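K.L.:
coordinates for the following, if possible.
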Amino acid sequence: MNSPSEPTLADVLQELRGLRQDVSELKQDVDGLKRDVDDLKQDVDDLKREVDGLKQELNAEVKRWDERYYQLSKDTLGFARYVIVSGVIVAILAPVLRFGLEQFLIAFRS
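P.N.:
Sure, this is the predicted structure:
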């Protein structure tokens with residue numbers, strides 16, 4: 001009845017059990033991959049939040065440096081004005097003081 005080339009019912013049953021085991025293992029592998037993908041999604045979301053925080057910190061630091069540069073420019077301008085005014089005063093008053101001192105010394109010598 002059974003020829004040696006045809007599988008028996010027991011062979012088919014054993015093959016089905018093996019396939020069922022393979023499918024079960026594949027299902028476990030797929031479930032593990034799903035968990036891994038979910039973990040990766042969470043990691044990506046965490047990294048996005050961290051990058052957003054770093055961007056905000058960078059923007060705040062740029063604003064602070066802009067303010068520092070503006071203040072330095074303002075201070076430098078004030079110092080430059082002070083030096084120029086002092087130089088002008090010295091340039092104008094030096095001859096006047098020299099003339100006055102000469103007049104005083106002429107009057108004192110006499």
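
K.L.:
residue 86 and residue 93, how far apart?
P.N.:
11 Å (Cβ to Cβ, to the nearest Å). Heads up, the C-betas are built off the backbone N, CA and C, glycines and all.

K.L.:
name the element residue 25 belongs to?
P.N.:
Counting by DSSP states H and E, the element that carries residue 25 is helix 9-109.

K.L.:
quick one: that helix to chain centroid distance?
P.N.:
Remark: helix 9-109 is offset 5 Å from the chain centroid, using Cα atoms, centre = their mean, to the nearest Å.

K.L.:
what of stretch 7-20?
P.N.:
Offset of stretch 7-20 from its chain centre (Cα atoms, centre = their mean): 61 Å.

K.L.:
repeat for stretch 93-110
P.N.:
That offset, for stretch 93-110, works out to 67 Å (Cα atoms, centre = their mean).

K.L.:
where in the chain is pLDDT low?
P.N.:
1-4, 110 (pLDDT under 70).

K.L.:
same thing but 90
P.N.:
Within the chain, the ranges that satisfy pLDDT under 90 run 1-13, 93-110.

K.L.:
ok, now how distant is residue 107 from residue 99?
P.N.:
Distance of residue 107 to residue 99, computed by Cβ to Cβ: 13 Å.

K.L.:
and for residue 16?
P.N.:
Distance, residue 16 to residue 99, using Cβ to Cβ: 123 Å.
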